[in-house]
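**Student:** Mind folding the following:
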Amino acid sequence: MTTERKYTFPDLDIEISIGRLADQADGSVLLTQGGTQVLSTVCASESKEFPGFLPLMVDYREQLAAAGKIPGGYLKREGRPSDKEVLTARLIDRSIRPLFPHHYFDQIQVMNTVYSVDQKNEPNLLAMLGASIALTISRVPFLGPVGAVQIGRIDGEFVFNPKYDESEKSDGKIIVVGTADGICMVEGAIDQMNESDFIDALFKAHDLIKEQVVWQEKIAQEIGVPKEAVVADPSWDSLTAQADSFLTEQQLDTVQVEDKAARGVAKKTLKKGFVQLIDGMVDGLEVSTTIIKSAFDEIFKKKLTANMFARNKRIDGRDFDQVRTITSQAPMLVRTHGSAFFQRGGTQALATATLGSGQDEQRMEDLMSGNYEKSFMLHYNFPPFSVGEVRFLRGVSRREVGHGYLALTAIESQLPSKQDFPYTLRIVSDILASDGSSSMATVCASTLALMDAGVPIKNMVSGVAMGLVQGAENSFRILTDITGMEDALGLMDFKVAGTPEGITAIQMDIKHKGGLSREVLEQALEQARQGRLTIMEEMKKTLSEPREELSGDVPQSITLSVPVEKIGAVIGSGGKIIKEIIEKTGTSIDIDDDGTVRVFGQKGPGTDQAVSWIKVIGGNINRGDVFHGKIKRVTEFGIFVEIAPGVDGLVHISMIQRERQASMAQDYPGDKVVTVIVMGYDPSTGRIKLKFVNEDEDN
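**Tutor:** Numbers count the residues shown, from 1 in each chain. Modelled structure (predicted):
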């Protein structure tokens with residue numbers, strides 16, 4: 001039995017246990033913070049053949065038992081990962097993936113399972129820290145450890161590692177992950193933060209990260225597990241040397257063209273020629289095609305980057321800070337509530353905006369916040385034809401979830417409040433063609449689609465993706481609006497979205513293991529700001545502000561208020577009354593606990609009738625109001641007329657012509673529609689006195 005060891009990190013009130021649980025994994029750790037507990041494990045297995053990439057798998061799962069809940073549905077067990085679980089797994093993956101040796105290709109699986117939650121301490125940061133510790137104390141040659149810090153902003157002041165109740169008050173949430181040398185991953189959203197404040201917060205977070213790293217390094221020294229040696233393939237040096245000779249400047253010129261398709265064809269031709277040159281043998285050793293192609297790719301990146309520095313031009317001929325040509329159109333589609341097409345270079349995004357009622361909100365279940373509703377959804381799709389591929393559609397990928405969430409958070413802070421604009425909003429962004437930064441194209445297309453629909457957003461939002469390439473003697477050049485090939489070449493993928501007033505969302509992945517200086521990050525953010533503003537000016541040529549009126553296809557929204565004590569009457573026993581109103585008027589109705597009622601429906605008599613009925617049921621009845629009602633029953637003292645579902649008024653016999661009083665049952669049959677006017681209303685008893693209007697016509 002393995003001896004259990006415990007360690008504490010007092011600054012965050014975290015306790016970890018090593019050696020007791022999951023002791024057959026290469027590394028495992030149980031992290032406890034208050035009543036929140038996460039188990040992180042790492043297992044590594046030798047790859048059977050050279051994969052050409054790091055086969056790293058990262059999972060994050062939340063068990064509902066952690067919050068004392070039983071899953072719904074027939075199976076009563078956890079299903080596929082939720083968006084939150086996918087997004088957290090992606091954050092961990094992006095943080096640790098660059099931190100493995102260049103020639104290490106073993107299969108690695110990092111699993112993080114949430115076993116307990118106390119609604120005070122969020123488990124996602126614990127999982128990030130747990131993944132780092134499990135890797136650091138294992139035999140896997142991990143180049144960490146990493147630390148993780150969450151940044152919030154409450155009343156204009158930055159808060160680091162806030163508790164859950166504090167983060168709920170924050171106008172933003174940014175996750176920063178880094179090593180002792182620098183920051184390696186940033187993701188989050190905030191309501192219009194200027195670049196200077198962001199840099200200050202980032203480096204303050206890094207100071208806190210370094211403390212976590214030192215703590216983990218001390219634990220690893222005490223555990224004392226030796227790291228595996230990493231040995232490159234024997235043929236690697238020879239292959240890269242031959243690739244260096246093969247890739248002449250003349251051959252590289254064939255790749256440095258503006259058109260993505262032409263670039264792709266040129267690169268494939270070069271790679272095919274190199275594979276044929278090697279012909280499976282190097283220095284008497286048989287090598288796989290995968291190794292040959294990997295050696296080619298490594299030298300291709302180095303030489304193409306060096307060529308960019310020598311020419312002072314990018315692959316497609318642009319200056320380093322130049323944005324590609326932009327075109328846009330809104331509307332693009334005929335019958336949608338709002339639509340927009342946005343193209344930047346070889347990337348195309350088609351966004352549609354749909355407005356619905358509260359019944360269209362997405363019902364969510366979360367360990368921390370319980371059940372809640374989302375009134376803004378943004379779904380990003382990346383079909384295979386966007387990159388000229390053929391592949392099966394197997395559901396939404398992790399990448400699609402992540403890109404959609406980034407675009408959603410970029411726009412969300414600029415939406416009107418639910419009180420001012422009670423609609424549920426859904427955007428669908430389909431990427432029709434891709435050559436870099438389709439997530440930022442989604443931000444731009446979605447903003448235009450919302451404006452086309454008439455949604456009164458506070459500010460326009462645009463986004464741009466930045467890159468970074470390294471030359472001789474650690475020289476750097478920052479690239480604005482990177483293409484797909486530049487993304488593969490670079491040391492940084494830095495996406496920034498925002499308004500003219502500041503940043504609203506950011507996602508940064510750094511592949512440079514040594515970290516980046518404050519000067520480089522400041523330059524990247526300023527160049528990104530200029531790029532965002534350039535893109536926004538192009539967007540304004542299509543739409544500079546939201547349309548004044550909603551599309552005719554959008555249901556109108558009418559808001560009214562009923563007394564809280566009348567809410568039950570509007571709903572009815574088992575929802576009978578409200579269901580009847582919805583069915584008979586063709587509307588959708590939302591009711592809040594404070595008595596606010598929102599009626600959604602097309603302009604016309606149906607919506608008008610629903611509003612009228614709700615007012616009546618809520619006691620908004622005045623002398624002189626006229627209604628078209630149905631006769632419910634005839635008595636000796638008068639006729640009861642239903643003027644709204646569940647609400648009857650009395651036409652007293654004294655209000656009926658004397659000659660008809662004896663034949664009321666025949667003259668006023670049940671369900672006959674009549675027009676009545678209110679003669680009196682007693683709120684204390686609910687009694688309504690009515691009189692027939694145009695009695696001769698009704699009979």
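**Student:** what sits against residue 607?
**Tutor:** Going by C-beta atoms under 8 Å, 6 or more residues apart in numbering, residue 607 touches 556, 558, 585, 587, 599, 601. (Each C-beta comes from the backbone N, C-alpha and C, glycine too.)
**Student:** Filter those down to the ones in helices?
**Tutor:** With DSSP state H as the criterion, helices contain residue 585 from among the contacts of residue 607.
**Student:** Looking at the contacts of residue 607, which is nearest residue 121?
**Tutor:** residue 599 (42.0 Å; C-beta to C-beta).
**Student:** Could you give the number of residues near the closest one?
**Tutor:** Counted with other C-beta atoms under 10 Å, the neighbours of residue 599 add up to 27.
**Student:** ok so, going back, show me which pair in the contacts of residue 607 is furthest apart.
**Tutor:** In terms of C-beta to C-beta, the contacts of residue 607 reach their longest pairwise distance at 556 and 585, which sit 12.7 Å apart.
**Student:** anything in contact with each of the two?
**Tutor:** 601, 607.
**Student:** pLDDT wise, what is residue 270 at?
**Tutor:** Residue 270 is assigned 94 on the pLDDT scale.
**Student:** and it, what does it touch?
**Tutor:** Residue 270 neighbours (C-beta under 8 Å, 6+ apart): 247, 251, 254-255, 296, 300.
**Student:** ok, and the nearest residue to residue 58 once chain neighbours are set aside, which helix or strand is that part of?
**Tutor:** Nearest residue to residue 58, sequence neighbours excluded (C-beta to C-beta, 6 or more residues apart in numbering): residue 93, at 4.1 Å. Taking DSSP states H and E as the criterion, residue 93 maps to helix 83-96.
**Student:** And whichever helix or strand comes after that helix, what's buried?
**Tutor:** Remark: after helix 83-96, the chain's next helix or strand is strand 107-116, criterion DSSP H and E. Residues of strand 107-116 classed as buried: 108-116 (neighbour count, 16 or more other C-beta atoms under 10 Å).
**Student:** which one of those sits closest to residue 34?
**Tutor:** Relative to residue 34, the closest of those is residue 116; by C-beta to C-beta it sits at 9.4 Å.
**Student:** what's the burial count for the closest residue to that closest one other than its chain neighbours?
**Tutor:** Nearest residue to residue 116, sequence neighbours excluded (C-beta to C-beta, 6+ apart): residue 37, at 4.1 Å. By other C-beta under 10 Å, the residues close to residue 37 number 22.
**Student:** Please read off the pLDDT at residue 37 from the model.
**Tutor:** For residue 37, pLDDT reads 97.
**Student:** That one should be in a strand, yeah?
**Tutor:** Yes. Counting by DSSP: H, G, I helix; E, B strand; the rest coil, residue 37 is part of a strand.
**Student:** so what's it up against?
**Tutor:** So residue 37 contacts 30-31, 66, 114-116 (C-beta under 8 Å, 6+ apart).
**Student:** Closest one of these to residue 431?
**Tutor:** Using C-beta to C-beta, these come closest to residue 431 at residue 114, 32.4 Å.
**Student:** For the closest residue to residue 556 other than its chain neighbours, what is the enclosing helix or strand?
**Tutor:** In this structure, residue 556 finds its nearest non-sequential neighbour in residue 603, 5.4 Å apart by C-beta to C-beta, 6+ apart. For residue 603, there is no host helix or strand (DSSP H and E).
**Student:** Verify the stated contact: residue 603 with residue 557.
**Tutor:** No. Counting by C-beta atoms under 8 Å, residue 603 does not reach residue 557; the two are 11.0 Å apart.
**Student:** quick revisit: show me how to select, in PyMOL, the buried members of the contacts of residue 270.
**Tutor:** Buried members of those, defined by 16+ other C-beta under 10 Å, are picked up in PyMOL with:
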select buried, resi 247+251+255+296+300
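**Student:** I'd like to know which of the contacts of residue 270 are part of helices.
**Tutor:** 251, 296, 300.
**Student:** give the contact list for the last one.
**Tutor:** Under the criterion of C-beta under 8 Å, 6+ apart, the contact partners of residue 300 comprise 243, 247, 267, 270-271.
**Student:** For residue 273, see how far away it is.
**Tutor:** 12 Å (C-beta to C-beta, to the nearest Å).
**Student:** What of the second one?
**Tutor:** Between residue 296 and residue 273 the distance is 10 Å, computed by C-beta to C-beta.
**Student:** what residues are shared contacts of the two?
**Tutor:** Going by C-beta under 8 Å, 6+ apart, residues that sit against residue 296 and also against residue 273 are residue 246.
**Student:** Identify the residue nearest the geometric centre of the chain.
**Tutor:** Closest residue to the average C-alpha location of the chain: residue 405 at 1.4 Å, with C-alpha atoms, centre = their mean.
**Student:** now it, nearest residue through space, not along the chain?
**Tutor:** Once flanking residues are discounted, residue 405 sits nearest to residue 87: 5.7 Å by C-beta to C-beta, 6+ apart.
**Student:** got it, and residue 358?
**Tutor:** residue 590 (3.5 Å).
**Student:** check contacts around the one you found.
**Tutor:** Residue 590 touches 357-359, 422, 597-598, 600, counting by C-beta under 8 Å, 6+ apart.
**Student:** Just list whatever residues bridge to the closest residue to residue 693 other than its chain neighbours.
**Tutor:** Using C-beta to C-beta, 6+ apart and skipping the chain neighbours, the partner closest in space to residue 693 is residue 675 (4.4 Å). Here residue 675 shows beta-bridge partners residue 628, assigned using DSSP bridges.
**Student:** Residue 675 against residue 690, yeah?
**Tutor:** No. Contact criterion C-beta under 8 Å: residue 675 and residue 690 do not qualify, at 10.0 Å.
**Student:** what about the two, which has more around it?
**Tutor:** residue 690 (26 against 15).
**Student:** If you average the pLDDT over the biggest helix by length in the chain, what comes out?
**Tutor:** Taking DSSP H as the criterion, the chain has its longest helix at helix 195-223. Average pLDDT, helix 195-223: 95.
**Student:** How about stretch 583-601?
**Tutor:** Here the average pLDDT along stretch 583-601 is 91.
**Student:** Buried residues of that stretch, list them for me.
**Tutor:** 585, 587-591, 595, 597-601.
**Student:** can you tell me which of the residues you listed are in strands?
**Tutor:** If you go by DSSP state E, the buried residues of stretch 583-601 have 588-591, 597-601 in strands.
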